[in-house]
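> From the sequence below, what's the structure:
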Amino acid sequence: MLRGHNILCISSIDWSEHWQVHHELMSRLAAQGNRVLYIENTGVRGLRVADLSRVQKRLWNWWHSTKGFRVERENLFVYSPLFLPFPYSRIAGWINRVLLFRALNRWMQATGFVRPIVWTFLPTPLARSLIEQVSPKAVFYFCADDFSSSSASAKRVTASEAQLIKEADLVFATSERLRARAEALGGRVHQSPAGVDFAGFARVRDAADPPPEDLVQLKRPIIGYVGALHQWVDQRLLIELAASLPDASFALVGPYYTDVSKLEAVGNIHLLGQRPHADMPRYIKGFDVGLVPYRVSEYTASVYPVKLNEYLAMGIPVVASDLPEIRRFNEAHGDVIAVASDAGGFAAAIARALTPAPDAVVATRIDAARQNSWDARMETMNRLMEEVLAERDAKGERWEERLARIYRVARGRTLQIVAAVILAWILLFESPLIWWLAKPLKVDAPPQHADAIVVFAGGVGESGQAGGGYQERVRAAVDLYRQGYAPVVVFSSGFRFAFREAEVMKGLAVDNGVPADAILLETAAANTRENVSFTRDILRQRGWRRILLVSSPYHMRRALLTWRRAAPDVVVIPTPVRQSMFYLHGRGASLEQVRGLLQEYVAIAAYWWKGWI
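Predicted coordinates for the structure are as follows:
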C-alpha cells in the first residue's frame with residue numbers, strides 16, 4: 001500500500017463539485033497516510049458564460065483560504081488557483097505559469113512538500129509545465145475522459161495529451177477505448193474503471209432505514225438517476241419515457257450543468273438537485289430501477305458510468321444506453337444490465353425490470369459490484385504504483401536528472417524575475433498607470449485675486465539638472481501678474497549655480513514686463529519647507545494672507561501640505577505650471593518622469609516622518 005508520500009493531484013474538476021472519481025481516489029490516498037495537495041481545475045477549454053458561477057465559486061474559495069490553499073480533511077489540502085482561462089494561449093500560459101508556480105513553490109517550501117508523486121487528470125500544456133516544475137518522483141495520468149471529443153475548443157488538447165501519455169510512468173484509463181488509444185501512443189497503460197464503495201453501500205442495503213423523505217413522497221414505481229445533468233444526458237429520451245410511463249416517477253438526483261427547463265416542465269419528472277454524496281446509497285435504495293440515459297456520441301463511446309456499480313451494489317435492476325463500456329460490462333458479468341437504444345426499448349426494459357427478480361439475479365448484480373469495488377481497484381493501483389516507484393528507485397536519479405532539476409528551479413526563478421521586470425516595465429512605461437498613481441500629487445485651482453504671487457523655483461528639481469523648469473514657472477507668474485491677479489511677485493530659491501536662481505528669475509520677469517519694484521526675492525531656502533518658512537516671514541512682515549502659489553504640477557501637493565502645517569493662517573491658491581515640459585507625456589512615462597514622481601511620494605513620506613506636514 002502506498003503510504004508516506006507527497007501526492008500532487010492536478011484535477012479536472014473542483015473539489016466542491018459532486019463526488020466523482022477524483023474525490024474518491026485522492027480521499028483514499030490521503031486516508032492511506034499520504035499527504036495530498038488537490039489542485040482544482042485549471043481548464044481544458046475556454047471560458048463560457050455558463051461558467052460564471054464556477055468563477056464566482058473559485059474567487060470565493062480563494063478569498064476564504066490562505067492565498068488559495070486550505071485544509072479539506074486530514075492529509076488532504078485543496079488549492080484553488082486564480083489563472084487566466086485561456087488554456088492554449090502562449091501568453092496566458094506564460095502568465096499562468098508565473099502565477100501558479102510562485103504560489104505553489106511557496107506552499108511546498110512552507111510545508112516541506114518535496115519531490116511529490118504527481119497524479120494528473122488534466123493533460124493540458126499548463127498541467128505538463130507544472131509537472132516539470134515540481135520535479136516529481138513519478139507521474140501517473142488518470143485518463144477518465146476523451147477531452148478532445150468533449151467540445152470543439154478542447155480538441156486542441158490532443159497534442160499535449162499525446163506527449164503526456166508518453167512521458168507518464170503509468171496511465172490509468174477508465175475505458176477500453178481510452179486504454180487502446182493511450183497504448184497506441186506509446187504509454188504504459190492499465191485499465192481501471194470507476195469503482196464503488198461496496199462496504200458503505202452494503203451497510204445501507206442491509207439496514208432497515210427508510211429512503212430519503214423527498215423520495216418517500218413520490219408515487220411508485222420510482223425510476224431513478226444519480227449524477228450530474230450535463231449535455232450528455234439524453235433529455236429527449238427522458239421526456240419520451242415519462243410520457244410513455246405516466247404512472248411512474250422519474251427521480252433525477254444531481255447538480256445541473258445544462259438547461260433543464262424542458263425536464264422541469266414534465267409532471268412526473270422530479271429534479272431533486274445535488275445531494276450529499278453520503279446520501280447516495282439511500283437514494284439508490286429507494287429506486288425501483290436505475291437509469292444510465294446517455295446520448296450515444298463520440299464522447300460517450302469512451303465513458304464508463306460511475307453510477308453503474310453503485311446501482312448494482314444496492315441490487316436494483318439497471319437500464320442503460322447502448323454504450324461500448326456497458327456492452328463490455330455485460331460480457332464480463334453476464335448481462336446484468338438491460339441495454340436499450342431508443343425510448344421504446346427503454347420503456348420495455350423498464351417494464352420488465354419492475355417485475356420482482358429472483359434472489360439469485362439480485363445476488364448476481366451485487367456480486368458484479370463487489371468485483372468492481374474501490375477496495376479491489378485500489379489494491380491493484382497501489383501495487384502498480386509501488387512497482388513504478390521501486391523501478392525508479394532501483395535506477396536512481398542520474399546526475400543529468402539532478403542537474404536538469406536544479407536548472408529547472410533556477411530557470412523558474414529567472415522567469416519569475418524576468419516576468420516581474422517586463423510587467424513592471426509595461427505598467428510604468430507603456431500604460432497610463434503611473435499617471436493615475438500620480439494624480440493625487442497634482443492640485444490645481446482657478447486663479448483668484450491675491451496679495452502676492454509666490455513662485456517656488458526648482459533648483460535641480462525633478463529633472464536633476466540645474467535650472468530645470470524655472471523658466472516655465474516665471475512665465476506662469478508673469479501671466480498671472482499681467483492679468484492683474486496680484487500686484488507683487490515673490491521668487492523663492494536659495495539655489496545657486498553660476499548665478500543665484502532667484503536673481504535670474506527676477507531678471508527674466510523684468511524682461512517680460514514685470515516692474516523690478518514689484519518683485520521680492522527670498523534667496524536662502526534650500527528645500528520646500530524652507531521655501532514656505534522664509535516666504536511666510538516675508539508675508540507676515542507685510543500683512544499679506546492670500547497668495548497664488550506657482551510651482552511644478554506634481555510638487556503642488558507637498559507644497560500645500562507644508563503651507564498648511566507651517567502657516568495655516570495663509571490662504572494658498574494652487575496655480576501650478578499649466579504645461580510642464582518635464583511632465584509632457586503620451587500613454588506611458590519616461591524613466592526620468594517615474595523617478596520624479598517617485599521622488600515626490602518619498603519626499604511626502606519623509607516630511608510626514610519629520611513632522612513637517
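> okay, now the domains of the protein?
What automatic domain parsing lists as the domains of the chain is 6-195+378-396, 198-372, 397-430, 437-610.
> rank these by mean pLDDT and give me the bottom one.
Per-stretch mean pLDDT for those is lowest at domain 397-430 (a mean of 66).
> how about TSV for the domains of the chain, with mean neighbour count added?
For every residue, glycine as well, the C-beta is placed using N, CA and C. Converted to TSV, the domains of the chain look like this (neighbours: other Cβ atoms under 10 Å):
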stretch	mean neighbour count
domain 6-195+378-396	18
domain 198-372	18
domain 397-430	12
domain 437-610	18
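> hey, where'd the helices end up in the stretch 451-600 of the chain?
470-482, 501-511, 528-542, 556-566, 591-610 (DSSP state H, counting those that start in this stretch).
> starting at the chain centroid, how far to the first one?
Pointing back at helix 470-482 there. Chain-centre distance of helix 470-482: 53 Å, with Cα atoms, centre = their mean, to the nearest Å.
> As CSV, could you dump the C-alpha coordinates of it?
Written as CSV, here are the backbone C-alpha positions of helix 470-482 (Å, rounded to 0.1, in the frame of the first residue of the first chain):
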residue,chain,number,x,y,z
TYR,A,470,12.4,77.8,-13.6
GLN,A,471,11.7,79.4,-17.0
GLU,A,472,8.1,78.0,-17.2
ARG,A,473,7.4,79.0,-13.6
VAL,A,474,8.5,82.5,-14.3
ARG,A,475,6.3,82.5,-17.4
ALA,A,476,3.3,81.3,-15.3
ALA,A,477,3.9,84.1,-12.7
VAL,A,478,4.3,86.8,-15.4
ASP,A,479,1.0,85.7,-17.0
LEU,A,480,-0.8,85.9,-13.6
TYR,A,481,0.8,89.4,-12.9
ARG,A,482,-0.3,90.7,-16.3
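> which residues touch it?
Contact with helix 470-482 is made by 447, 453, 455-458, 486, 489, 491, 493, 501, 504-505, 508-509, 512-514, 518, 548, 550-552, 575-581, as judged by Cβ atoms under 8 Å, 6 or more residues apart in numbering.
> Could you do stretch 356-369 as well?
Applying Cβ under 8 Å, 6+ apart, the external contacts of stretch 356-369 come out as 196, 198, 201, 205, 309-310, 312-313, 315-318, 329, 333-334, 336.
> Please flag which of these sit within strands.
Val318 (DSSP state E).
> which one of the contacts of stretch 356-369 sits closest to Gln217?
Of all the contacts of stretch 356-369, Gln217 sits closest to Ile316, with 19.4 Å by Cβ to Cβ.
> Am I right that Thr414 sits in a strand?
No. Thr414 is assigned helix when assessed by DSSP: H, G, I helix; E, B strand; the rest coil, not a strand.
> Surely Arg70 touches Asn61?
Yes. Applying Cβ atoms under 8 Å as the test, Arg70 and Asn61 come out as touching, 7.4 Å apart.
> Give the residues shared as contacts by those two.
Common contacts of Arg70 and Asn61 (Cβ under 8 Å, 6+ apart): Val78, Ser80.
> so how far is stretch 536-547 from its chain's centroid?
Centroid separation for stretch 536-547 versus its chain: 59 Å, with Cα atoms, centre = their mean.
> Leaving out sequence neighbours, find the closest residue to Val478.
Nearest non-adjacent residue to Val478, counting by Cβ to Cβ, 6 or more residues apart in numbering: Asn512, 4.7 Å away.
> how about the one you found, what does it touch?
Contacts of Asn512 (Cβ under 8 Å, 6+ apart): Val474, Arg475, Val478.
> out of those residues, who's nearest Cys9?
Once Cβ to Cβ is applied, the member of these that ends up nearest Cys9 is Arg475, at 68.0 Å.
> ok, the closest one to Arg578 distance?
9 Å (Cβ to Cβ, to the nearest Å).
> got it, and Leu245?
In this view, Leu245 and Arg578 are 82 Å apart by Cβ to Cβ.
> Please apply the same query to Ala516.
Ala516 sits 26 Å away from Arg578, taking Cβ to Cβ as the criterion.
> ok, now Ser302?
To Arg578, Ser302 is 70 Å away according to Cβ to Cβ.
> Tell me which helix or strand the nearest residue to Tyr299 once chain neighbours are set aside sits in.
Distances taken as Cβ to Cβ, 6+ apart place Ser149 nearest to Tyr299, at 4.1 Å, with adjacent residues excluded. Element membership for Ser149, per DSSP states H and E: helix 147-150.
> contact partners of that helix?
Residues contacting helix 147-150 (Cβ under 8 Å, 6+ apart): 44-45, 123, 154-155, 157-158, 161, 297-299, 301-302.
> just checking, what packs against the next helix or strand after that helix?
Next along the chain after helix 147-150, taking DSSP H and E as the criterion, comes helix 158-167. Helices and strands touching helix 158-167, as assessed by 3 or more Cβ pairs under 8 Å, 6 or more residues apart in numbering; DSSP states H and E, comprise helix 125-134, strand 138-143, helix 147-150.
> Tell me which of these approaches Ala278 most closely.
With respect to Ala278, and counting by Cβ to Cβ, the nearest of the helices and strands packed on helix 158-167 is strand 138-143 at 23.3 Å.
> Adjacent strands (with direction) for that closest one?
Note on strand 138-143: by DSSP bridges, its sheet partners are strand 117-120 (parallel), strand 170-173 (parallel).
> Quick one, which of those gets closest to Thr562.
strand 117-120 (59.6 Å).
> For that closest one, which outside residues touch it?
For strand 117-120, contacts defined as Cβ under 8 Å, 6+ apart pick out 2, 5-10, 25-26, 29, 127, 131, 134, 136-142, 164, 168, 385, 389.
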